[in-house]
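# quick one, fold the following:
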Amino acid sequence: MSLDVRIKSMEPVLCPHCGKVAGYEEKDKISVGGKNWYSFLEEIGYYPEEKWYCKNMSLTQEQAKKLVEYAKEYAPYIAPEIKTLVSEAIFDGNDVVINADW
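Sure thing, here's the model as predicted:
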């Protein structure tokens, strides 16, 4: 069974009337895949819980840092892009979101 993982930077969209978060807009996205990502998803609590299947999970800053470290070791071909996405999302105040489909 194939595993597709999407890592996104999501910007909160504020209601113009009340100022509360009304939704999120995708700013950047990286797609990765492969069975080596199961261990990372399990470490952050995304897998094997069925409630997260194909749903977005916002990462804490600590989880986002672990994502960058994991990518350096297990996906070095895409690690610089993941590091850039995470760094820019944190700098801009956006959420780092992960979504998996298996």
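# now do the strands in the chain.
Counting by DSSP state E, the chain has strands at residues 4-14, 21-33, 57-59, 95-101.
# as a markdown table, these with mean pLDDT, distance to Val86 and mean neighbour count would be great.
In short, each C-beta sits where N, CA and C put it, glycine included. Output for those, formatted as a markdown table (pLDDT from 0 to 100; distance: least, CB to CB, whole Å; neighbours: other CB atoms under 10 Å):
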| stretch | mean pLDDT | distance to Val86 | mean neighbour count |
| --- | --- | --- | --- |
| strand 4-14 | 95 | 8 | 17 |
| strand 21-33 | 95 | 10 | 14 |
| strand 57-59 | 95 | 9 | 17 |
| strand 95-101 | 94 | 5 | 20 |
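# and for the closest residue to Ile44 other than its chain neighbours, the neighbour number?
Among residues not flanking Ile44 along the chain, Gln63 sits closest, at 5.0 Å (CB to CB, 6 or more residues apart in numbering). By the measure other CB atoms under 10 Å, the count of residues near Gln63 is 17.
# possible to save the strands of the chain as TSV with distance to Pro80?
As requested, the strands of the chain are exported to TSV (distance: least, CB to CB, whole Å):
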stretch	distance to Pro80
strand 4-14	13
strand 21-33	11
strand 57-59	18
strand 95-101	16
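# any idea of the pLDDT on the residue of the chain most remote from its centre?
Here the chain reaches farthest from its C-alpha mean at His17, the gap being 29.3 Å by CA atoms, centre = their mean. Note on His17: pLDDT of 94.
# how about Thr60?
96.
# and it, backbone torsions?
Taking degrees, to the nearest 10, you get phi -70, psi 170 for the backbone angles of Thr60.
# now it: how far from Leu3?
For Thr60, the distance to Leu3 equals 22 Å [CB to CB, to the nearest Å].
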